[in-house]
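Asker: based on what follows, work out the 3D shape:
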Amino acid sequence: MGQHHVHVWDVPVRLFHWLLVIAVVFSWWSAEEGGVMLKYHMWSGYGIFGLVLFRLGWGFAGSSYARFASFVHGPRRVLGTLGELFSARPLAWPGHNPLGGWMVLALLASLAVQVATGLFANDDLFNEGPLYAHVGKDTSDWLTGIHHVNFTVLMVLAGVHVLAIVWHRLRKGEHLVRAMFTGRKQLPEAAEPLARVGVWRVFVLAAASAAIVAIIVNL
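Answerer: Residues are numbered from 1 along each chain as shown. Here you go, the predicted model:
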């Protein structure tokens, strides 16, 4: 078991992660309930929209291990990491490992599709997305179908993500959930702690994300 405890996840990344979990679960539950809860389902979708926009911006302007450049790697490194998954030795990556990095991108892409299609969706009753009026009924129905299918894709990705966390805990002894609460990972090798950035970037990105969501949903 590694003995190096390194601070890798900043507060914005951790808040994004747990707020997203809450919002996705609530979106699923409110959709299942239907009726008046669909209004809150849409509000939750707006929240997810803002969170995704923020994470995309933080992937370029955030602290060192939050940036896409630190965890998005090419096929050779990804395949190399795949081979390491079956050993009992913890991975030495301080942030997301190359496989986890591509899972982050896949989840963000699926969330983006879910939000985008939801803006135009309808339930054939009384509820319509805020941009429904900008497309015809046939297009809205088509996008609603994608919205439903993509939710299944999103749940499959989330399931694989959870299984990977369980595998890392049981096979490699890595407490990834704990790290997402504390910000610190236990690593087999020493690593540089995260390089922080000005807290003003958090507020600028959060405000910009909220503004973009408000503008789009009110078109």
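
Asker: all helices for this protein, in order.
Answerer: In the chain, the segments counted as helices under DSSP state H are 11-33, 37-61, 68-71, 75-84, 98-118, 137-172, 176-182, 200-217.

Asker: want to throw those helices into TSV with mean neighbour count?
Answerer: For glycine as for every other residue, the C-beta is placed from the backbone atoms N, C-alpha and C. Output for the helices of the chain, formatted as TSV (neighbours: other Cβ atoms under 10 Å):
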stretch	mean neighbour count
helix 11-33	16
helix 37-61	19
helix 68-71	17
helix 75-84	12
helix 98-118	19
helix 137-172	15
helix 176-182	15
helix 200-217	15
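
Asker: mind telling me which of the ones you listed the model trusts least?
Answerer: Lowest mean pLDDT within the helices of the chain: helix 75-84, at a mean of 86.

Asker: what helices or strands is it leaning on?
Answerer: helix 98-118 (3 or more Cβ pairs under 8 Å, 6 or more residues apart in numbering; DSSP states H and E).

Asker: convert the helix it packs on to CSV, retaining C-alpha atoms only.
Answerer: C-alpha atoms of helix 98-118 as CSV (Å, rounded to 0.1, in the frame of the first residue of the first chain):
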residue,chain,number,x,y,z
PRO,A,98,-5.7,7.7,-18.7
LEU,A,99,-8.6,5.3,-18.7
GLY,A,100,-10.4,7.4,-16.1
GLY,A,101,-9.7,10.5,-18.1
TRP,A,102,-11.5,9.2,-21.2
MET,A,103,-14.4,8.1,-18.9
VAL,A,104,-14.6,11.8,-17.7
LEU,A,105,-14.9,12.9,-21.3
ALA,A,106,-17.5,10.3,-22.2
LEU,A,107,-19.6,11.2,-19.2
LEU,A,108,-19.4,15.0,-20.0
ALA,A,109,-20.3,14.3,-23.6
SER,A,110,-23.3,12.2,-22.6
LEU,A,111,-24.4,14.8,-20.1
ALA,A,112,-24.1,17.5,-22.8
VAL,A,113,-26.3,15.5,-25.2
GLN,A,114,-28.8,14.9,-22.4
VAL,A,115,-29.1,18.6,-21.6
ALA,A,116,-29.1,19.7,-25.3
THR,A,117,-31.9,17.3,-26.3
GLY,A,118,-33.9,18.1,-23.1
